[in-house]
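In: only geometry, no sequence info:
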């Protein structure tokens, strides 16, 4: 959830991960807060965080690829470890870099992923998500880039596995209750299934 973080810090963290595990690191960028309203406010501090998401993505990619134009305010700021060190012959070149995906559950994210020519991950675990339109928009508007020649996407779902289907369903109530609490503007919390059952029994 990029608006919760500083792009330079993310670039350095994932540059380090990629240096330790080349070819095994994916970086997904989403704009949702991923939490309740009070926690999101504490993380973001201002109300325009979502509106600035495309600029934050561009800035992060600039740090990851050392590709800022000279006139950009941070053109002399470099993520470490990162491509600038390779260019300066300070570290051996990496054969890979973290794969950057655009995450989302709306047509907004589909448009952005298509515009940037990046892979797109759709979060189907959110109940009313419009996956058909989002995927259509992504594929129809995709612009080939140095990263991808054609659209590339995946779909994420929430899943709980157990040998007993009844137990799996019981465990799933924890995440369902957490989402309900968020919609009610209450603090996000994963309650044990027994507490969720007690709550349901009292309503």
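Out: Thanks, I have the structure now. Because the structure is a prediction, the values reported are computed rather than measured. Numbering: from 1, shown residues only.

In: so after the lowest-mean-pLDDT helix or strand in the chain, what's the next helix or strand?
Out: Lowest on mean pLDDT, DSSP states H and E among the helices and strands of the chain sits helix 83-87, with a mean of 60. Next along the chain after helix 83-87, taking DSSP states H and E as the criterion, comes strand 99-104.

In: partner strands of that following strand and their direction?
Out: Here strand 99-104 is paired, per DSSP bridges, with strand 26-29 (parallel), strand 120-123 (parallel).

In: what residues does it touch?
Out: 25-32, 57, 60-61, 64, 109-110, 112-113, 116, 118-123, 134, 147 (C-beta atoms under 8 Å, 6 or more residues apart in numbering). Placement of C-beta: from N, CA and C, glycine included.

In: mind checking which of those residues are buried?
Out: 25, 27-32, 57, 60-61, 64, 109-110, 112-113, 116, 118-123, 134 (16 or more other C-beta atoms under 10 Å).

In: domains of the protein?
Out: As given by automatic domain parsing, the domain ranges for the chain are 2-156, 165-201.

In: among the ones you listed, show me which one is buried the most.
Out: Most buried of these, by mean neighbour count (mean count of other C-beta atoms under 10 Å): domain 2-156, with a mean of 16.

In: and the longest helix for this structure?
Out: helix 165-183 (DSSP state H).

In: distance from the chain centre to that one, please.
Out: Distance, stretch centre to chain centre, for helix 165-183: 22 Å (C-alpha atoms, centre = their mean, to the nearest Å).

In: elements contacting that helix?
Out: When contacts are defined as 3 or more C-beta pairs under 8 Å, 6 or more residues apart in numbering; DSSP states H and E, helix 165-183 sits against helix 193-201.

In: which strands and helices lie in contact with the helix it packs on?
Out: helix 165-183.

In: and the helix it packs on, average pLDDT?
Out: Helix 165-183 shows a mean pLDDT of 86.

In: also stretch 18-38?
Out: Averaging pLDDT along stretch 18-38 gives 82.

In: quick one: distance of it to the chain centre.
Out: Here stretch 18-38 shows a centroid-to-chain-centroid distance of 5 Å under the convention C-alpha atoms, centre = their mean.

In: how long is that stretch end to end?
Out: Chord length of stretch 18-38, first to last residue, is 33 Å (C-alpha to C-alpha, to the nearest Å).

In: stretch 15-25 too?
Out: Stretch 15-25 has an end-to-end distance of 9 Å (criterion: C-alpha to C-alpha).

In: ok now that stretch, how far from the chain's centre?
Out: Using C-alpha atoms, centre = their mean, the mean C-alpha position of stretch 15-25 is found 17 Å from that of the whole chain.

In: enumerate every residue touching the closest residue to residue 108 other than its chain neighbours.
Out: In space, and not counting its chain neighbours, residue 108 is closest to residue 31: 7.9 Å by C-beta to C-beta, 6 or more residues apart in numbering. By C-beta under 8 Å, 6+ apart, the residues touching residue 31 are 1, 2, 3, 49, 50, 53, 104, 108, 109.
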